[in-house]
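Trainee: Have a look; sequence and predicted model below, questions after that.
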Amino acid sequence: MFIDGRFTDGGVAERIVRKSPAHGVEVASWPAGDERSVNKAVAAARRAFASGAWSRLHCAQRAAVMRKAADLVEANLEKFALVEALETGKPIMQARAEMGGVVNLWHYAAGACRTIRGESYNNLGENLFGLTIRQPVGVVGAIIPWNFPLIVLSERLPFILAAGCTAVIKPAEQTSGTALMLAEVLAKAGLPAGTVNIVTGTGPDAGQPLLDHRDVDMISFTGSTEVGRKVLAGAARNIKHVGLELGGKNPFVVFADADLKAAADAAAFSMCFNAGQCCVSASRLIVHKSVEAPFTRMLAKLLRSIKIGDTLSPKTQIGAIFERAHMDKIMGYVNNADAKIVAGGKRAGPRRGMFIEPTLITGAKRAAPICREEVFGPVMTVHGFSTYEQAVRLANDTRYGLSATIWSRDASSCLRAYRDIDAGRIWINTVMEDGPETPLGGCKESGVGREAGVMGIEAYTEVKTANINLGERERWLG
Ligand code: NAI
Ligand code: MG
């Protein structure tokens, strides 16, 4: 763990061991942190916040530390990518690209840090004048999932730091390596001790005490909707701020006039990237009936051509499913779909099937679990529509609202659907392409709040208003 500027086992003897899901060999272990570790980390973060060493530092100096951290990640990119690939089971080429994305996020936040500002109200009459300032929210607890360990952390931590907050990070117990490496980088870059603390451990043992802690001012949580509800319950204790990015059941809508070849490639990418273990992965293909059959054939053919296998080979496009239990869960949805499997449907690759073939399913009933629940694997169901209204109804027929993808050559169809489909992030004639500038998050049961962009910094600030009399106040009692 990393607490108050030092690496420590926190006095915890028990360790969590991680085996590479693609290779079956041990690649890392961390202390199984608990409430005591969380208490120490929160106390360190509180002391650091109160000292002002970070929260009151000039924004140019804050930016300099974050830029230096970005440069150090870049200088060690190979090592970061290897650790990420081994712990998650993702292909090495993908891990390298993600680490490039991490560097970009830290650079962006370093610059955006210098845009924080307040407002003035010069329209309140002769005597009254208003001001707002943005102040850091305080100590932020961030709970991070295993699917994009360093990307998800970097969509949050540099923004938390840019706002002037201090943090306690609880990475996923399966993939804590790169968070710890980042802590080392931040220390080298000159971040004051206690500003960022990393507590390793499981959700119930190390995550839950952070949610419940009365001296934590905000929780930023990314993961399942189920645990998202626990975040809100914990937040009720001391009325914490919360940012939640949760599950999705994301539609991929193809209108009849779409560039079908391009759309099929995008659909394959959307469902297979990171083996479908992305909160924004498309999992429901909603396609116009006039092109449904040829489009499904085209997509099925593409899916069969995808290279699954050794994650350390630069040719591999789909890596391992991150954990045996998760693979069993995905295969459970596929085996109980009670529908036609037109591509894939089986375990694949080395290591007695820790890999899953990209799977396309037609004819599944809309009430079936595979059509309603987040499967989080390379699996998509196909649903036909005849009218625009039907397409939107199908797209919105879910309790989630994280992302959606729309393909059409007609700008007004695209823009109408952008307006009508419930999702925090929409892609039009592209997929899963974005930059640190654009906010991300979900609606409905996919979350609250937005990360990244200038909004992503503002999320970690509190607005304080001043009403100032410039003349003489009108007396109440004369
Ligand atoms: P999870 O929500 O349990 O885990 C995410 C993070 O929350 C981890 O760091 C975990 O240790 C922590 N956590 C778990 N229980 C906690 C608790 N009681 N208090 C505080 N922190 C806690 O997700 P899990 O179990 O890894 O995956 C289950 C399903 O959730 C997946 O199959 C997938 O559908 C969804 N999921 C969605 C993600 C997304 O990006 N939206 C990411 C990971 C999972
Ligand atoms: Mg869980």
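Mentor: Looks like it arrived, so ask away. Ligands and ions are numbered 1, 2, ... in the order given.
Trainee: And whatever helix or strand S29 lives in, what's buried?
Mentor: Assessed by DSSP states H and E, S29 sits inside strand 26-31. By 16 or more other CB atoms under 10 Å, the buried positions in strand 26-31 come out as V27, A28, W30, P31. Glycine gets a C-beta too; all of them are placed from N, C-alpha and C.
Trainee: right, and the helix or strand after the lowest-mean-pLDDT helix or strand in the chain?
Mentor: Counting by mean pLDDT, DSSP states H and E, the chain has its least confident helix or strand at helix 350-353, which shows a mean of 64. Proceeding N to C from helix 350-353, the next assigned helix or strand is strand 355-356, under DSSP H and E.
Trainee: mind checking how far that next one is from the chain centre?
Mentor: From the chain centre to the centre of strand 355-356 is a distance of 23 Å (CA atoms, centre = their mean, to the nearest Å).
Trainee: what packs against it?
Mentor: On a contact count with 3 or more CB pairs under 8 Å, 6 or more residues apart in numbering; DSSP states H and E, strand 355-356 meets helix 324-335, strand 347-348.
Trainee: now those in TSV, with mean neighbour count, distance to ligand 1 and mean pLDDT?
Mentor: Shown next, in TSV, are those (neighbours: other CB atoms under 10 Å; distance: least, CB to the nearest ligand atom, whole Å; pLDDT from 0 to 100):
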stretch	mean neighbour count	distance to ligand 1	mean pLDDT
helix 324-335	16	6	96
strand 347-348	16	17	90
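Trainee: export those to CSV and tack on distance to A391?
Mentor: As requested, the helices and strands packed on strand 355-356 are exported to CSV (distance: least, CB to CB, whole Å):
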stretch, distance to A391
helix 324-335, 24
strand 347-348, 32
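Trainee: For the protein, what lies in contact range of ligand 1?
Mentor: Neighbours of ligand 1 within the chain, by CB under 6 Å from any ligand atom: 143-147, 170, 172-173, 202-204, 207-208, 211, 222-224, 227, 230, 245-247, 279, 326, 374, 376.
Trainee: same thing but at 5 Å, please
Mentor: Within the chain, the positions near ligand 1 by CB under 5 Å from any ligand atom are 143, 145, 147, 172, 203, 207-208, 223-224, 227, 230, 279, 374, 376.
Trainee: related to what we said a few turns ago, what is the subsequent helix or strand relative to the strand holding S29?
Mentor: helix 35-51.
Trainee: Mind listing residues that contact whichever helix or strand comes after that following helix?
Mentor: Reading on from helix 35-51 to the C-terminus, the next helix or strand found by DSSP H and E is helix 59-75. If you take CB atoms under 8 Å, 6 or more residues apart in numbering as the criterion, helix 59-75 is touched by 54, 80, 99, 102-103, 106-107, 109-111, 113-114, 116, 158, 161-162, 164, 182, 185-186, 188-191.
Trainee: Out of those, which sit inside helices?
Mentor: Residues of the contacts of helix 59-75 located in helices (DSSP state H): 80, 99, 102-103, 106-107, 109-111, 158, 161-162, 182, 185-186, 188.
Trainee: which residue is nearest the centroid of this protein?
Mentor: Of all residues in the chain, the one closest to the mean position by CA atoms, centre = their mean is V152, 4.3 Å from it.
Trainee: Show the pLDDT at it.
Mentor: Note on V152: pLDDT of 98.
Trainee: which SS class is it?
Mentor: helix (DSSP: H, G, I helix; E, B strand; the rest coil).
Trainee: can you tell me which residues contact it?
Mentor: V152 neighbours (CB under 8 Å, 6+ apart): I144, P145, T222, E245.
Trainee: Phi, psi for T405 please.
Mentor: Torsion angles at T405 (phi, psi; degrees, to the nearest 10) stand at phi -130, psi 140.
Trainee: Name the member of the ones in helices among the contacts of helix 59-75 with the shortest distance to M218.
Mentor: Using CB to CB, L161 comes nearest to M218 of the ones in helices among the contacts of helix 59-75, at 13.3 Å.
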